[in-house]
Every structure is written in structure tokens, then in C-alpha cells.
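fold the following and give me the result.
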Amino acid sequence: MENPMMEVDIACVGFGPATAGFLTTLSGAMTDDSGEVLLPSAVAPGLPLQVVCYERADDIGFGVSGVVTRARGIRDSFPDLKAEEIPMAAPVAQEKMFYLLDPYGASRRGALMRAADRTLKLGGRLLLRDSAFELPWIPPFLSKDDGLVLSLGQFCQWVGARLMGTGLVQIWPGTPVSAPLIEENTVVGVQLADQGVEKD
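Below you'll find the predicted structure:
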């Protein structure tokens with residue numbers, strides 16, 4: 001049996017934070033404020049690019065959870081956005097960093113780190129509560145000052161709804177991809193996984 005084929009200009013596989021940012025930037029460049037097509041389609045002349053994103057999960061955002069982020073990419077993609085507009089998002093109000101000891105030996109720390117843990121544990125039994133202690137400073141590369149605490153799943157659903165609302169991007173949840181289609185060492189498409197059919 002021959003598989004049906006649908007031609008599009010851009011096919012994305014998986015709708016996570018990176019794809020959400022890419023499609024937001026792309027959809028903003030596809031038309032101008034008056035609706036004039038800036039990026040025309042090669043497969044549907046006269047229309048904007050035909051863009052489809054295949055997501056294997058039953059709904060957008062099922063594969064991601066919460067995050068604390070500096071939100072640089074979010075601010076780049078949505079320059080006029082306020083944190084209150086994103087569902088289940090809040091600005092970072094306070095930061096603390098704790099060093100967690102390994103009282104049960106469950107981590108894969110190196111010998112030097114395990115020795116440091118034992119020394120800290122022996123020397124600070126009375127000072128260390130819950131096998132952890134607060135560090136006096138946060139290294140700049142770990143600081144989330146002026147960042148956001150949010151649910152990535154909720155964020156992806158929110159971005160997906162905005163994208164589909166523009167009519168410029170199609171997102172197909174529950175549509176897993178089984179393989180890339182390759183011609184002359186170039187990916188030219190994707191093959192969707194067979195679903196709901198008998199082997200014969």
C-alpha cells in the first residue's frame with residue numbers, strides 16, 4: 001500500500017521550547033502587518049510558507065515540565081510580553097543555592113567529591129540540616145536574576161495556541177514521525193508512523 005503524501009515548505013518534528021521559539025520567529029516574518037505575504041510558498045503559490053509541526057504526544061507540552069530560566073529566548077521571541085500574560089509563570093523574586101550532600105551514596109560523584117561530602121558531613125553534623133547547606137553566593141552562570149519560573153508544558157501549549165491562531169502554522173499532536181526521507185544525502189521530508197491500521 002502506498003502512503004499518501006502532503007507537500008509542505010517546512011516540516012518540524014516535535015513541538016518543544018526550541019521549535020516554539022523557531023516557529024514564533026518564522027511566523028512573524030511570513031507576513032507583514034497588512035497581511036501581505038513576505039515569504040511565499042513553493043508548494044502553494046500565492047500563499048505564505050506551508051509549515052507543519054508533527055508532535056508525537058497526544059497534546060502539546062506533554063514531554064516537558066517546569067523550569068527556572070533567564071528567559072532570554074522568550075524575551076527575544078516575544079519582546080512586548082509581560083510575565084503575567086504567560087500561564088503559570090512568575091518572575092524570579094529570590095534566589096538561593098544549596099549544596100546537596102549524598103548521605104545514601106546514590107549519586108555518581110567522583111572520588112574527590114565523595115571525600116569532600118564525607119568531610120563536610122563529619123565536620124558539620126550539627127550545622128548541616130537535611131544533608132545540605134546554603135552557598136554564600138551564586139555563580140553568575142547559574143544566576144536566574146530577572147528570570148522566570150514557569151511550566152514549560154503550559155508555556156508550549158500557550159505558544160502553540162497563539163501560533164495556530166495565526167493560521168500560518170499547523171501543529172499536529174498525536175502524529176509521531178517514524179523516519180526522515182533522504183534523497184542524495186539531503187533530508188527532503190519525513191515519514192509518519194503508521195497508526196490504527198492492520199498489518200495487511
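
that's a strand at E84, yeah?
No - secondary structure of E84 (DSSP: H, G, I helix; E, B strand; the rest coil): helix, not part of a strand.

can you give me the domain boundaries for this structure?
10-91+145-192, 98-134 (automatic domain parsing).

nearest to E2, out of those?
Relative to E2, the nearest member of those by CB to CB is domain 10-91+145-192, separated by 12.0 Å. For glycine as for every other residue, the C-beta is placed from the backbone atoms N, C-alpha and C.

figure out the length between the terminal residues of that closest one.
Domain 10-91+145-192 has its terminal residues 15 Å apart, counting by CA to CA, to the nearest Å.

tell me the mean pLDDT for that domain?
Mean pLDDT, domain 10-91+145-192: 92.

quick one: what helix or strand has L112 in it?
Using DSSP states H and E, L112 maps to helix 111-123.

paired strands for the helix or strand containing A90, with orientation please.
Per DSSP H and E, A90 falls inside strand 89-91. According to DSSP bridges, strand 89-91 forms sheet pairs with strand 148-151 (antiparallel).

since we're on G46, how many residues are nearby?
7 (other CB atoms under 10 Å).

which pLDDT value belongs to E7?
Residue-level pLDDT assigned to E7 equals 94.

quick check: it is in a helix.
No - secondary structure of E7 (three-state DSSP): coil, not part of a helix.

S41 is in contact with that one, correct?
No - at 9.4 Å, E7 does not count as touching S41 under the criterion of CB atoms under 8 Å.

which one of the two has more residues nearby?
S41 (18 against 11).

quick check: the gap between the more buried one and G16.
Separation of S41 from G16 (CB to CB, to the nearest Å): 25 Å.

for Q154, same thing?
Counting by CB to CB - Q154 and G16 are separated by 13 Å.

I'd assumed G165 was in a strand, is it?
No - assigned with three-state DSSP, G165 falls outside any strand and is helix.

burial of it, as a residue count?
9.

report the contact partners of it.
Contacts for G165 (CB atoms under 8 Å, 6 or more residues apart in numbering) come out as none.

for it, give its distance to R118.
56 Å.

same thing with E95?
Distance, E95 to R118, by CB to CB: 28 Å.

S34 now?
68 Å.

ok, how many other residues are close to T175?
Count around T175 with other CB under 10 Å applied: 18.

please apply the same query to Q195.
For Q195, using other CB under 10 Å, the count is 9.
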